[in-house]
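Asker: Build me a model from this:
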Amino acid sequence: MTDDIYKIHGGLGSPYSMKMRAIFRYRRIPHIWIQRNLQSPNIFVNVKVPVIPVIEYPDGTAHNDSTPMIFDLEKRHKERSVIPEDEAMAFLDFLLEDLADEWGTKMMFHYRWYRERDQKQMSEWLAFDGQPGAGRQKILSVAQVFRDRQVGRMAIVGCTDHNMPLIEKTASMTMAALDAHVTEHRYLFGSRPAMSDFAWMGQLSQLAVDPTPHDLMRKEAPFLMRWLANLDDASGVEGSWNDPAAPTAPAIHTLLDIAGQVYFPFLLANAEALEKGEKEFHCAGYGLPYSQGTFKYQAKCLVELRKRFAALSSAAKERLESDLKNSECWDPLEG
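Answerer: Now for the predicted structure:
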């Protein structure tokens, strides 16, 4: 039995850990959840980048990039897929998943480390997770070191005073749109969850517990907060995908608008700066400025989005054309 079980080395404070654990639970794939702590064996020796979750497969291999893992698991396990069957719907799902992973994580990181109250509580909670039973003073000591490190990294990932208005605006837009959605629909693409549902659940699960965004969510998006808790274990959910001919939900329109107004300008500016050998780029969304250092990974995201878009059938593109052009996503995808 244990030969068929996956091991998820993750953490409650990691949005990608929560995303992947929820997918394993929904798909009913046998697994063990292992809360990562400083006494744990070195789980990073078999992966390229030392980040969690690290998932040990039954075959002994280790993986820790969530999106490729989702597609790999689809090949290995056929039941309860998280990818819509319809081609056009599956592309939208992939785009919104990418938006959550790459832009939604800025919302998470910003709210966690920008304000003193969030820095204090979350550094202490994360230190507690990593130092089980080590004693209060040890936990508080580790928390201070970790807090200093994370706050020091904020500019690297674009979480600065300069960028705060845009990040918080898109966070409010996302929470409002999803809160309205989940009272009328179970998930983004049907009565069963897709990978974009899990991606947004991962990021927003952190906002739901960090002090400042927790207060904001309880006030402005209380049903979304409860939806997140339910999606954490959807192993009992049965459902179907939406009719491909059904109108696009307003929440999807909002997320596509954020992609067109913010995420694609971000990706394009980053790619252009990388091509020119520049270390920083500047862009804007909704009339608000944004700047940060260049990242090679985000350039790969743009390439992958364009690759998947180019591979769509003409019929799928025709169905997507109105939504993607109205949200200003079409031209960036065409390249």
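
Asker: Give me the phi and psi angles of residue 102.
Answerer: phi -100, psi -30 (degrees, to the nearest 10).

Asker: now swap in the one 5 residues further on and tell me
Answerer: When quoted as degrees, to the nearest 10, the phi and psi of residue 107 stand at phi -60, psi -50.

Asker: got a list of what the closest residue to residue 258 other than its chain neighbours touches?
Answerer: Distances taken as Cβ to Cβ, 6 or more residues apart in numbering put residue 170 closest to residue 258, at 5.3 Å, once the chain neighbours are dropped. Where C-beta positions appear, they are placed from N, C-alpha and C, glycine not excepted. Going by Cβ atoms under 8 Å, 6 or more residues apart in numbering, residue 170 touches 103, 107, 258, 262, 285.

Asker: Next up, identify which helix or strand residue 170 is on.
Answerer: helix 164-182 (DSSP states H and E).

Asker: now residue 55
Answerer: strand 54-56.

Asker: Which strands or helices does that strand pack on?
Answerer: Counting contacts by 3 or more Cβ pairs under 8 Å, 6 or more residues apart in numbering; DSSP states H and E, strand 54-56 is packed against strand 6-10, strand 62-63.

Asker: okay, the contacts of residue 170 in JSON lines with distance to residue 295 and secondary structure next?
Answerer: Shown next, in JSON lines, are these (distance: Cβ to Cβ, whole Å; DSSP: H, G, I helix; E, B strand; the rest coil):
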{"residue": "103", "distance to residue 295": "12", "secondary structure": "helix"}
{"residue": "107", "distance to residue 295": "17", "secondary structure": "helix"}
{"residue": "258", "distance to residue 295": "19", "secondary structure": "helix"}
{"residue": "262", "distance to residue 295": "16", "secondary structure": "helix"}
{"residue": "285", "distance to residue 295": "17", "secondary structure": "strand"}
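
Asker: As JSON lines, the residues you listed with neighbour count would be great.
Answerer: Putting these into JSON lines (neighbours: other Cβ atoms under 10 Å) gives the following:
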{"residue": "103", "neighbour count": "24"}
{"residue": "107", "neighbour count": "24"}
{"residue": "258", "neighbour count": "24"}
{"residue": "262", "neighbour count": "24"}
{"residue": "285", "neighbour count": "22"}
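
Asker: so is the closest residue to residue 131 other than its chain neighbours in a helix, a strand, or just coil?
Answerer: Closest residue in space to residue 131, ignoring its immediate chain neighbours: residue 139 at 5.0 Å, by Cβ to Cβ, 6+ apart. Classification of residue 139 by DSSP: H, G, I helix; E, B strand; the rest coil places it in helix.

Asker: what's residue 139 in contact with, if anything?
Answerer: By Cβ under 8 Å, 6+ apart, the neighbours of residue 139 are 124, 127, 128, 131.

Asker: Recalculate using a threshold of 10 Å.
Answerer: 123, 124, 125, 126, 127, 128, 129, 130, 131, 132, 133 (Cβ atoms under 10 Å, 6 or more residues apart in numbering).

Asker: likewise residue 192?
Answerer: 26, 80-82, 84, 186, 234, 237-242 are the contacts of residue 192 under Cβ under 10 Å, 6+ apart.

Asker: can you list contacts of stretch 326-335?
Answerer: For stretch 326-335, the external contacting residues (Cβ under 10 Å, 6+ apart) are 91-92, 95, 248, 252-261, 263-265, 267-268, 271, 302-303, 305-310, 312, 317, 320-325.
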